[in-house]
Every structure is written in structure tokens, then in C-alpha cells.
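Fold the following and give me the result.
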Amino acid sequence: MVRVALANIVRASSPDDSVARAVAAIEDAGHANADILCFPEAYVPGHRLMGATVPPPDQMFLQRAWAPSGSLMRA
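Predicted structure coming up:
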């Protein structure tokens, strides 16, 4: 049996906020014994929606963003 969790989290106010919220969601899913956690598309660094202000893509930011979440994932 596989337990799937959905990260139904609000839109972040900044790329750094999106990482913090994603890490918190991963921790919560882990406490609930979820095997798979599904996020909204492009949650990190932020949705590129009409009217949304999101900085341009930044490869260095994305590499740093993976660091805290990677240590929380189970093998």
C-alpha cells in the first residue's frame, strides 16, 4: 500500500517563502507517513500567473532550494 498526500498550500509571497512552505509540507507529510507528496505545478519558485510578480528563473536559487527538501526525503 502507498500513502499519497496532496500539498494543498497557499500561494507563497516570495521564492524563499515557497521553499519554507514546501519544506513544512514535506515535514507534515512525513509525520503522516506519506510515501508520495504532490505539490502544485511550479510551486517553487512560484506560479507564473497573470498578475503575479515572480522573479525570472534563477538556476542557482533552484539548486539552493533543493538542499533542505532533499534531506527530508526518504530513500
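
center of this structure, which residue is that?
Most central in the chain under C-alpha atoms, centre = their mean is Ala22, positioned 3.2 Å from the mean C-alpha point.

show me what contacts that one?
7, 9, 39, 43-44, 65, 69 (C-beta atoms under 8 Å, 6 or more residues apart in numbering). Bear in mind the C-beta positions are built from the backbone N, C-alpha and C, glycine included.

Among these, the buried ones, what's the PyMOL command?
Burial among the contacts of Ala22 is assessed by 16 or more other C-beta atoms under 10 Å; the matching PyMOL selection reads:
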select buried, resi 7+39+43+44+65+69
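
Would you format the contacts of Ala22 as JSON lines with pLDDT included?
What follows is the contacts of Ala22, written out as JSON lines (pLDDT from 0 to 100):
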{"residue": "Ala7", "pLDDT": "93"}
{"residue": "Ile9", "pLDDT": "90"}
{"residue": "Phe39", "pLDDT": "89"}
{"residue": "Tyr43", "pLDDT": "79"}
{"residue": "Val44", "pLDDT": "81"}
{"residue": "Ala65", "pLDDT": "82"}
{"residue": "Ser69", "pLDDT": "59"}
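
Just send the contacts of Ala22 back as TSV, with distance to Asp17 and secondary structure too.
Shown next, in TSV, are the contacts of Ala22 (distance: C-beta to C-beta, whole Å; DSSP: H, G, I helix; E, B strand; the rest coil):
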residue	distance to Asp17	secondary structure
Ala7	14	coil
Ile9	10	coil
Phe39	14	coil
Tyr43	11	coil
Val44	10	coil
Ala65	11	helix
Ser69	14	helix
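
check which helix or strand covers Ala20.
When elements are assigned from DSSP states H and E, Ala20 belongs to helix 15-31.

which element follows that helix toward the C-terminus?
Taking DSSP H and E, what comes next after helix 15-31 is strand 36-38.

That'll do, ta.
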